[in-house]
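Undergrad: Just the structure for this:
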Amino acid sequence: DAIRPDLIFFSLYQEQFTHETLRYLKSKYQTINWFGDDQWRFDEFTSQYANDFTWCVTTDMFSIEKYHAIGQKHVIYSQWAAIDAHASDVSRENHGYQYDVSFVGGYHPYRQWFVKQLEQSGVHVDVFGHGWERGTLSSSEMNRVFMESKINLNISNSSSLNVSYVCSSFRACVNTLRGVKTASQIKARNFEIPFFGGFQLTDYVPTLEKYFQIGKEVSCYTSPSEAVRLVQYYLSHDQEREEIRALGQKRAISEHGYSHRFEEIFKVIA
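TA: Model (predicted):
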């Protein structure tokens with residue numbers, strides 16, 4: 001009450017606040033929450049909290065009608081992005097290539113299986129992240145890996161219904177059946193890699209084409225075998241790979257920083 005904010009911003013992902021508190025704040029001020037996992041959490045989580053806020057941000061275009069159906073008309077479609085504050089890391093000066101193929105992300109059995117498929121096909125992948133042998137990276141270290149990798153592999157979904165994976169072991173089958181994620185989604189990594197000057201080879205995610213021209217600014221695979229073929233192709237076609245990398249970075253810097261996202265959000269609210 002002393003501050004009287006124009007907007008109170010939340011990124012609620014668990015029961016950090018009671019419904020009573022959220023509704024009280026909404027009755028006095030404009031509030032907004034970033035719902036980043038509506039692809040698989042709308043029914044069990046978002047639907048329980050959406051009407052506690054004045055505004056809602058969703059990263060899932062297909063959930064907008066679901067908000068309307070429960071009475072929340074103030075829903076803004078936005079997306080994850082790269083952190084502009086780290087833009088000083090963007091320069092490629094003094095950054096030669098140290099890795100042919102790299103992956104940065106937390107450990108998951110599916111990701112381990114995916115990397116193994118590539119390794120068995122002769123594609124070595126340098127892996128970083130929580131749960132892997134080489135451990136986590138700081139933000140600046142991660143950005144440097146993006147720049148120093150000829151190909152940045154993005155295995156954005158930690159779980160998959162890939163038949164080969166499901167049938168690869170009893171554990172894989174159990175993990176898939178127990179998995180709570182039922183849909184793929186764009187994540188921040190899709191924007192961070194090109195923003196910091198890396199060539200991105202990512203699994204295709206619905207609506208990715210709204211943000212990058214596939215084949216011109218980013219390259220996509222749909223299976224491990226396809227990823228292998230694309231890795232082999234781009235490692236032997238430097239000029240084409242560099243053209244895609246440069247165009248992807250130009251697009252990301254000009255459109256896909258968080259400053260761009262919040263500028264759009266605040267315009268809608270205003």
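Undergrad: can you pull out the helices in the stretch 101-250 of the chain?
TA: According to DSSP state H, counting those that start in this stretch, the stretch 101-250 of the chain carries its helices in the segments 109-120, 139-148, 163-166, 170-178, 189-195, 224-235, 238-255.
Undergrad: Most tightly packed of these?
TA: Mean neighbour count (mean count of other C-beta atoms under 10 Å) peaks for helix 189-195 among those, with a mean of 27. Glycine gets a C-beta too; all of them are placed from N, C-alpha and C.
Undergrad: Mind giving me the packing neighbours of it?
TA: Judged by 3 or more C-beta pairs under 8 Å, 6 or more residues apart in numbering; DSSP states H and E, the packing partners of helix 189-195 are helix 139-148, strand 149-154, strand 200-203, helix 238-255.
Undergrad: Let's have these in CSV, adding mean pLDDT.
TA: Converted to CSV, those look like this (pLDDT from 0 to 100):
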stretch, mean pLDDT
helix 139-148, 94
strand 149-154, 98
strand 200-203, 97
helix 238-255, 97
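Undergrad: Between the ones you listed, which one is closest to Ile186.
TA: strand 200-203 (9.4 Å; C-beta to C-beta).
Undergrad: partner strands of that closest one, parallel or antiparallel?
TA: strand 149-154 (parallel), strand 219-221 (parallel) (DSSP bridges).
Undergrad: Next, the angle from the longest one to helix 139-148.
TA: Interaxial angle of strand 149-154 relative to helix 139-148 (axes from the mean of the first three to the mean of the last three C-alpha atoms, to 10 degrees): 120 degrees.
Undergrad: Just want the angle from strand 149-154 to helix 109-120.
TA: Going by the same axes, to 10 degrees, strand 149-154 makes 140 degrees with helix 109-120.
Undergrad: tilt between strand 149-154 and helix 224-235?
TA: Using the same axes, to 10 degrees: strand 149-154 against helix 224-235 is 160 degrees.
Undergrad: now what about strand 149-154, what contacts it?
TA: For strand 149-154, contacts defined as C-beta atoms under 8 Å, 6 or more residues apart in numbering pick out 97-105, 118, 125-126, 145-146, 189-190, 193, 198-203, 227, 231, 234-235, 241.
Undergrad: closest one to Thr58 among the helices of the stretch 101-250 of the chain?
TA: Among the helices of the stretch 101-250 of the chain, the nearest to Thr58 by C-beta to C-beta is helix 189-195 (16.6 Å).
Undergrad: The closest one: how far from the chain's middle?
TA: 8 Å (C-alpha atoms, centre = their mean, to the nearest Å).
Undergrad: for Trp55, phi and psi?
TA: When read as degrees, to the nearest 10, the backbone of Trp55 gives phi -130, psi 150.
Undergrad: so can I have TSV of the helices and strands packed on helix 189-195 showing distance to Asp38?
TA: TSV is the format used below for those (distance: least, C-beta to C-beta, whole Å):
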stretch	distance to Asp38
helix 139-148	26
strand 149-154	21
strand 200-203	19
helix 238-255	22
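Undergrad: So for the residue nearest the centre of the chain, what's the pLDDT?
TA: When C-alpha atoms, centre = their mean is applied to the chain, the residue found nearest the centroid is Lys187 (1.1 Å). Looking at Lys187, its pLDDT reads 94.
Undergrad: Setting aside sequence neighbours, what's the nearest residue to Val218?
TA: Phe212 (4.3 Å; C-beta to C-beta, 6 or more residues apart in numbering).
Undergrad: Would you agree the one you found is in contact with Arg251?
TA: Yes. Between Phe212 and Arg251 there is a contact under C-beta atoms under 8 Å: 6.1 Å.
Undergrad: Quickly list what's touching both of those two.
TA: With C-beta under 8 Å, 6+ apart as the test, Phe212 and Arg251 both reach Pro194.
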